[in-house]
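**Student:** Here is the input, now give the coordinates:
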Amino acid sequence: MKKPLNFAVLKYMTTVEIACVDDVMEALKDEYADWKMFKPAGILEVLMTGEKNGLLVEDHYAYNDKGELMIYYRAHEEGREIINSYIK
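**Tutor:** Sure thing, here's the model as predicted:
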């Protein structure tokens, strides 16, 4: 059984230094592409919620190849520990 998408996104963030919505979607597309929330807005919502809950921090901003502004997030050490303690 698959983890809920928000769990998968947070867990992914513990495996990379930084990531944006495009990075998360690329990494999780094989497993979650058919999920209703697997859209840029849904992934961004998970990342922003993680940031508001203190698990992630905004790292920097950059434009992707489509000219869209991307927000890059990272899980700080304490955030990684909390995520990994709750999501196995």
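**Student:** This protein: helices as residue ranges?
**Tutor:** 5-13, 21-32, 40-52, 77-86 (DSSP state H).
**Student:** how about the ones you listed, which one is nearest Ala62?
**Tutor:** helix 21-32 (10.4 Å; Cβ to Cβ). For every residue, glycine as well, the C-beta is placed using N, CA and C.
**Student:** for the closest one, which positions count as buried?
**Tutor:** Val21, Asp22, Asp23, Val24, Met25, Ala27, Leu28, Tyr32 (16 or more other Cβ atoms under 10 Å).
**Student:** cool, stretch 66-77 as well?
**Tutor:** Applying 16+ other Cβ under 10 Å to stretch 66-77 flags Met70, Tyr72, Tyr73, Arg74, Ala75 as buried.
**Student:** What is the end-to-end distance of that stretch?
**Tutor:** Using Cα to Cα, to the nearest Å, the end-to-end distance of stretch 66-77 comes to 32 Å.
**Student:** pLDDT weak spots in this structure?
**Tutor:** For the chain, no stretch is flagged by pLDDT under 70.
**Student:** which residues touch the closest residue to His60 other than its chain neighbours?
**Tutor:** In this structure, His60 finds its nearest non-sequential neighbour in Tyr72, 5.1 Å apart by Cβ to Cβ, 6 or more residues apart in numbering. Residues near Tyr72 by Cβ atoms under 8 Å, 6 or more residues apart in numbering: Ile18, Ala19, Cys20, Glu58, Asp59, His60, Tyr61, Ala62.
**Student:** Report the separation between Tyr72 and Asp34.
**Tutor:** Counting by Cβ to Cβ, to the nearest Å, the gap from Tyr72 to Asp34 is 26 Å.
**Student:** Could you report the neighbour count for Gly42?
**Tutor:** Neighbourhood size, Gly42 [other Cβ atoms under 10 Å]: 18.
**Student:** before we move on, back to that, could you dump the helices of the chain into a markdown table with distance to Lys66 added?
**Tutor:** Formatted as a markdown table, the helices of the chain follow (distance: least, Cβ to Cβ, whole Å):
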| stretch | distance to Lys66 |
| --- | --- |
| helix 5-13 | 21 |
| helix 21-32 | 9 |
| helix 40-52 | 11 |
| helix 77-86 | 29 |
